[in-house]
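Enquirer: structure, please.
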Amino acid sequence: MNRMTLTRNPAWLVVSLVCLFAPVLHTAAQSPHTPANTKPNIVLVMADDQGWGDVGYNGHPFVQTPEIDAMAKAGFVFDRFYAAAPVCSPTRASVMTGRNPIRSKVPNHGRYLRPQEQTIAESLKAAGYATGIFGKVHLGSGQPGSPCNPSGMGFDEWCVGLNFYDNDPYLSRNGKIEHRQGKGSVLAMDDAIDFVTKHSASDQPFFLTVWFPSPHDPHQEVPDGPPLYTGEKQAGYYREITLLDQQLGRLRKQLRDLKIEDNTILWYCSDNGGLNVETSGGREKKGSIYEGGLRVPGIIEWPARDLRGRTDVPAWTCDIYPTLLSMAGVDPDSTTGPTLPLDGIDITPIIAGESTSRDQPMGFWHQFQQGQLTYSDRILKAIMEKQQAGAPLPHNAHRMQKDVDEFPQFAETKTTGHAAWNDWPWKLHRINGKKFELYNLVDDPMEEHDLSGDPKQRDRLVRMQKELDQWMRSVVRSINGEDYQAAPKPVIVPTPVSMQLNSTAEAGMFDANSRILVRPSEAHSSLLLSHGNVVASELEILTSLRLPVISSTDKAKRNDIVLSCSATGGNDSEGNDTDRDGSSNAPTKEDVAENYRLTAGGNGIVIAAESFVGITHGTSSLLQLIDADTLSVPSVTIEDHPTASYRALMVDVARTPHSLGVIKDAVRLCRLYKMRYLQLHLTDNQHFTFPFAPIRDNLKGNHHYTTSELKDLVGYADARGVTIIPELDLPGHSSRLRESGYLSRGKNDADVASPENYDKIGKLIDAMIDVFQSSPYFHIGGDESGAGRKLVPFLAEVNKRVRARGRRLLVWEGFHGAPTDLIPATGDDRVIVMAWESSYNAPWDLLNNGYQIINASWKPTYLTGGYGGLIHPGSTGGKRFALKDIYRWNKDIFMHWEPGRPVFEDRGPMDPNLDDGEWSAEWIGKTDQILGGQMLYWEQYECSVLHFLMPRIPILAERLWNPESDHSFAEFQDRVAVAQQKTLPVLQPIEISPVAKDPSHPVVSLYQPYEGEQIKFTLRNRTKLDGQIRYSTGRWSGQLNSPNFHPVPNPDTMYDGPLTARGPFSVRAELVRGDSEPVDGHSWQFYNNWPNRVEVTEYNIGRRTPRKVPDLATLPDSKLLRKYEMPYLRGLMQNVAVRGQLTRTDLIAPASGKHTLELRTQSGHATLYFDQNQNGEFEDSEILIQDSPNDESGQKAEVILKQGERYRIRVDHATGMPRPVLILSIAGPDGKRTEISKYLQLPR
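Expert: Reported below is the predicted structural model:
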């Protein structure tokens, strides 16, 4: 096809090139521009869901569109006209603004157009046009007074629906709701024709927008005339296309009858691709940014300029705004609104034939955020009923403008969703930020042949990747608000309950002369001063400025930071005496007030609170507000407090050794996200880490801390507003305690819980409370024990001891029934239960028996396993639930993952859904008994603590602090990215790169994969401190399917530039000040270059493991969850849900002769297929092992192989809980068995 084909009168060239701005001539074709004294009328008509090929002029086999076809014959046709998005609202925003819709905060359907945007209606209205819009808007509100209704967009007259509608719709006419009778598209055209007729007699030009609600489903409208398309696929869809074609005919006829058609520009298009792939004009359809989801009809008719012809030069809906302003002779700079960067261009040179190419590529981006449902009739009917009843308005104030004034501050590196860069004829796709595809649309219009791996296109690929990345970054800056004069709303995680930004006021500033002023009162003493020094240290890390900390009543200077605590009655915020290091010798209160107020502006920064803890929350917010480059804080007022009083993290330090530095990392993580408590699991069967001499001195190979180390840790945490809760896990998990010989009887758990040991255990509890003095709680464990009937009396005795020391006892849900006489549920001596498994005691039973509980629901708050190693060869790398699950959770919701557990089986009272494995205390009205929630991290290595907690703790904190915050999960993740970008230097001063492009890939839970023989890695100081980086590297050992990275020694080598390493290895790094003092915070990374050998596809096969393994290859795409490649054949890396795991690979025969394959599974079943005849197909006779048992017993099958030959293997694995083990071994003629992975290659 030619790049451009024009049919026009010979006069076109003369007039268009010589008389560009000549007066209107009806006898010859002219340039598409307007002389200063004549402005054309402008009419935009848009269909809803009509695809490129769903018109007669593009060759549709049966749909009748005579008016559209006539318009195409008489006008100018774009053969490659694109919607700016594959769904409705974003494309409409692009028409209004000439900008990619994400810039204006309309990334998906149902979003509102920001009032800050300059619309085409506003620009034309400022140039003297009368403006009107009729039909479907789907960009804002229909209520009067809303800045997001059509009046706010610049329209004088309007009658609209909020989304698609069909027959007898409710519509908003300039804010008054009407219930209209008739077909929706006909009613829209009735209003449009009335508007045209009214304004035709005036000298004032008009701008009319008609956005049909058709042919969007439900396809209830029918055209005039006999029935059409009976028996055809999507008959209702095509009937509505013919109906809107008839309405277009009414409009064109009215323009002719009024004799104004000559000087009226009529532009017709659709808002996204159609519903049928066959006629989409490319790959896929609506909802996709492959060609079929974006190509739409595009026609301009302007008889006065004789615009006739066709072009395949690409254009899109973003071009409408600048092109129409050019055609109307309106200077964009002369309009009253802001001049914002456009993505569209003036395409009049293309229409005039002056240009045969497009200079500016087109950028597309879908699924940046999720859409929002808009039920037009339902919403407008409710407003009408209020209007008729005289009830106060607005109806649902949130819908007046939704979140258009929020500037969520997405990370500039955000790549969520599917983006594309059309630099004709080349089109680059970027899918979820990591996968690239490149197509030549002339040679490959269906986008079937990806050229991204073609060496000949390497330079083009790199260039287009860079251009697309730069464009995507600019789009993120736009949605963040950088195009507007107003300052964006700051991001704080967890989201404050109330934050008011004064964008016009002076920002708060600080400099080298600023001070941190601590207001002295009865309540402060050394603890608040200690916290002031913490803040000073954090600010130094972020800004390089070390501010002095002064206890003073002096008047604050304008650049000072003031900490003002109003608590009274003692020396610290709770009225306790404090030691010099800031730790207190009495517990903090369980119900301490945590509210704070932060004000920042030209008069300084003030944080005020009723308690010391409230002050620490305020300074946590301050760290996220600071602009480290400008040393400023936006002018803001924050009033904030948590919903849940108990917000905690538990870290297991008894299974594997953890340094104090790593525990301090966890403290800082809690501090940054306002997590109130850090529970330390100090004792277990592996180590007894508390330094109680009678136990410590009688154990060998036992890791333990010193008393001074633990007291230092307590002071470190107290100064940051984090209270450490000690856990002594008894009577179960007590092997090391019993081994020490300390107890009078100690053969088993029942002995531990015997009365003979009460006094000795009491002394141990006293010793622990003496160290962890600031904790109002003491945790005794109490679960998974074999103590039997002795358990409850034992817990009762422990409770007496703990209450005598003024602490509250915490226990795991580990006892059965309701022994409230011994384990009180209410009153001063009540015991608080941490509900986690739901098997010993279901949460509803605990609540109904009066217990206060902490929600530690196994799903999603439970983590196991660590970075750099596996729990079990062939199976899980740990239990870590999806971040989305945490964001769905709150303190009142309990979830479970394992069949048989009461929550999983939906046995809870009042449960409305008996097949989701979830239960909420809200259903029985007991939410006030749930104090909060806790995340638990078990069996991890110290290098894993921050690696897995950093993505999770911000989410948990949000759900406990402010569960009512109105962010989608994707939006919240972007907020976390912004917050972490600011605070990460405090948490982890050194960045180790590179890291995997796909953080969701299973192996990233173990190591960062890389390709090639070696890798260059770099270390970077994230802070503003002038220090040196110190590092060390670690070794690796283990089998292919069971990697095991050795513990990395303490850093001992100074870093002076990029380093190169080979094979599997690990890196650990820290920052050292000039005086050789390390800065808190270690970083770890593990690397491995094993090549991928197997393809894995995961399917949804239900919540329970089927008895028989389904044929996974026959499952529909709707069941597909994800695909990826792995370096070894094994079970799922995450055992958090039942899955169908389909593994494909090729076996390269290691020898000739008889071989034995052995398959082992646990908690699930598998079927082994083996392509013995090497024909690439799996016959029934090639099923070697079917439905393997779930006891990990080896199931064997014999095969005959020829050395070096390739044999296809397929394993269908129906995984189970709790261990989805899958191990395949091979034994050759010599009888030696080995795990099979080293003989595997990716299938051809």
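Enquirer: centroid-nearest residue for this structure?
Expert: Compute the mean C-alpha point of the chain, and by C-alpha atoms, centre = their mean the closest residue is residue 970, 2.9 Å away.
Enquirer: I figured residue 674 hits residue 494, correct?
Expert: Yes. Counting by C-beta atoms under 8 Å, residue 674 does reach residue 494; the two are 6.1 Å apart. For the C-beta atoms, the positions are set from N, CA and C on the backbone; glycine is no exception.
Enquirer: who touches both of the two?
Expert: Both residue 674 and residue 494 are in contact with 642, 957, 961, where contact means C-beta atoms under 8 Å, 6 or more residues apart in numbering.
Enquirer: can you list the residues that contact stretch 232-248?
Expert: 45, 47, 49-50, 54-55, 62-68, 71, 183, 185-186, 188-189, 212, 214-215, 217-224, 228-229, 268, 274-276.
Enquirer: what number of residues lie near residue 325?
Expert: Using other C-beta atoms under 10 Å, residue 325 has 21 other residues around it.
Enquirer: OK, contacts around the residue lying closest to residue 758 once chain neighbours are set aside?
Expert: Nearest residue to residue 758, sequence neighbours excluded (C-beta to C-beta, 6 or more residues apart in numbering): residue 797, at 5.1 Å. Applying C-beta under 8 Å, 6+ apart to residue 797 gives the contacts 755, 758, 762.
Enquirer: looking at those residues, which are in helices?
Expert: Among those, DSSP state H puts 758, 762 in helices.
Enquirer: and which of the contacts of residue 797 is nearest to residue 345?
Expert: Checking the contacts of residue 797 against residue 345 by C-beta to C-beta gives residue 762 as the nearest, at 80.5 Å.
Enquirer: which ones are touching that closest one?
Expert: Listed by C-beta under 8 Å, 6+ apart, the contact set of residue 762 reads 797, 798, 801.
Enquirer: mind putting those in a markdown table, secondary structure, pLDDT and distance to residue 253 included?
Expert: Below are the contacts of residue 762 laid out as a markdown table (DSSP: H, G, I helix; E, B strand; the rest coil; pLDDT from 0 to 100; distance: C-beta to C-beta, whole Å):
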| residue | secondary structure | pLDDT | distance to residue 253 |
| --- | --- | --- | --- |
| 797 | helix | 97 | 94 |
| 798 | helix | 98 | 89 |
| 801 | helix | 97 | 93 |
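Enquirer: neighbour-wise, which of the shared contacts of residue 674 and residue 494 leads?
Expert: When neighbours are counted by other C-beta under 10 Å, residue 957 leads these with 28 neighbours.
Enquirer: next up, the contacts around that residue.
Expert: Applying C-beta under 8 Å, 6+ apart to residue 957 gives the contacts 493, 494, 647, 673, 674, 675.
Enquirer: redo that, cut-off 10 Å
Expert: By C-beta atoms under 10 Å, 6 or more residues apart in numbering, the contact list for residue 957 reads 493-495, 620, 642, 644, 647, 649, 669-670, 672-676, 933, 935, 976.
Enquirer: looking at the residues you listed, which are in strands?
Expert: Judged by DSSP state E, the contacts of residue 957 include 647, 649, 933, 935 as members of strands.
Enquirer: I'd guessed the last one sits against residue 954; true?
Expert: No. Under the criterion of C-beta atoms under 10 Å, residue 935 is not in contact with residue 954, lying 11.1 Å apart.
Enquirer: can you list phi and psi of residue 532 for me?
Expert: Backbone torsions of residue 532, given as degrees, to the nearest 10, read phi -60, psi -40.
Enquirer: how about residue 401: what's its closest non-neighbour residue?
Expert: residue 148 (4.8 Å).
Enquirer: and that neighbour, how many neighbours does it have?
Expert: Around residue 148 there are 22 residues (other C-beta under 10 Å).
Enquirer: contact partners for it?
Expert: Residue 148 neighbours (C-beta under 10 Å, 6+ apart): 112-115, 137, 139-142, 399-402, 404.
Enquirer: just the closest of the contacts of residue 762 to residue 858, please.
Expert: Nearest to residue 858 among those: residue 798, at 24.2 Å, using C-beta to C-beta.
Enquirer: just to check, the closest one is in contact with residue 766?
Expert: No. At 11.6 Å, residue 798 and residue 766 do not qualify as touching, with contact defined as C-beta under 10 Å.
Enquirer: quick one: which of these two has more around it?
Expert: residue 798 (26 against 13).
Enquirer: what helix or strand does the closest residue to the more buried one other than its chain neighbours sit in?
Expert: Nearest residue to residue 798, sequence neighbours excluded (C-beta to C-beta, 6+ apart): residue 780, at 4.9 Å. Secondary structure from DSSP states H and E places residue 780 in strand 777-781.
Enquirer: sort out which residues of that strand are buried, please.
Expert: If you call a residue buried by 16 or more other C-beta atoms under 10 Å, then strand 777-781 has these buried ones: 777, 778, 779, 780, 781.
Enquirer: contacting residues for residue 670?
Expert: By C-beta under 10 Å, 6+ apart, the neighbours of residue 670 are 620, 647-649, 651, 676-678, 717, 720-724, 949, 953, 957.
Enquirer: take those residues and keep only those in helices.
Expert: Judged by DSSP H, the contacts of residue 670 include 620, 717, 949, 953, 957 as members of helices.
Enquirer: neighbours of the first one, how many?
Expert: Spelled out, that is residue 620. 27.
Enquirer: and the gap between it and residue 674?
Expert: Noted for residue 620: a distance of 6 Å to residue 674, by C-beta to C-beta, to the nearest Å.
Enquirer: again, but for the last one
Expert: Computed with C-beta to C-beta, the distance linking residue 957 and residue 674 is 6 Å.
Enquirer: repeat for the fourth one
Expert: The spacing between residue 953 and residue 674, counted by C-beta to C-beta, is 10 Å.
Enquirer: now the strands for the stretch 301-450 of the chain?
Expert: Here the stretch 301-450 of the chain has its strands, by DSSP state E, counting those that start in this stretch, at 309-311, 315-316, 362-366, 418-423, 426-431, 435-440.
Enquirer: let me have these in a markdown table, adding mean pLDDT, distance to residue 296 and mean neighbour count as columns.
Expert: Shown next, in a markdown table, are the strands of the stretch 301-450 of the chain (pLDDT from 0 to 100; distance: least, C-beta to C-beta, whole Å; neighbours: other C-beta atoms under 10 Å):
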| stretch | mean pLDDT | distance to residue 296 | mean neighbour count |
| --- | --- | --- | --- |
| strand 309-311 | 94 | 15 | 20 |
| strand 315-316 | 98 | 9 | 28 |
| strand 362-366 | 97 | 13 | 24 |
| strand 418-423 | 98 | 14 | 22 |
| strand 426-431 | 97 | 16 | 20 |
| strand 435-440 | 96 | 19 | 18 |
